[in-house]
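Visitor: this is a predicted model, with the sequence first.
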Amino acid sequence: MYIRIQNQTIKYRVSRAEAQQLLSHQKLQDEVALSPHQKMGYAVETCDNESYFDYVSDTNLMALHINRADLKDELEDRPSKQGILIRESNSETLSPAVYLEIDLKKSKRSQL
């Protein structure tokens, strides 16, 4: 999983295998050290209600909660290039556009 932040947009990108992990109720989480004493984390997990994005300021965590049925639908069809747009934010600050994308690249073939 990785994220891209650009022009008031946050895009979470996961592989197909990671998307399957999410459907199996696993949480994906990572963090980046900004300084020796400060980290920024980002996570994705599924939920049964509406998808939403939240920023937890006390832990510097950007958390994406994606509706399990929406993720399953996205995987069953060929994943769309734009991904799933998350419409709401629980943060009280300016809300960026947030997307979950499933990597469209096919896995590399083993070389003979």
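Guide: Happy to help now that I have it.
Visitor: average model confidence for the biggest strand by length in the chain?
Guide: Longest strand in the chain, counting residues (DSSP state E): strand 38-47. Strand 38-47 comes out with an average pLDDT of 96.
Visitor: could you do stretch 100-108 as well?
Guide: On average, stretch 100-108 scores 74.
Visitor: in the next helix or strand after the longest strand of the chain, what counts as buried?
Guide: As assigned by DSSP states H and E, the chain's next helix or strand after strand 38-47 is strand 52-56. For strand 52-56, burial by neighbour count (16 or more other C-beta atoms under 10 Å) applies to Tyr52, Phe53, Tyr55. Bear in mind the C-beta positions are built from the backbone N, C-alpha and C, glycine included.
Visitor: which strand residues bridge the first one?
Guide: Right, the one you point to is Tyr52. Beta bridges link Tyr52 to His65, judged by DSSP bridges.
Visitor: and of the buried residues of strand 52-56, the nearest to Ala97?
Guide: Taking C-beta to C-beta as the measure, Ala97 sits nearest to Phe53 out of the buried residues of strand 52-56, at 9.4 Å.
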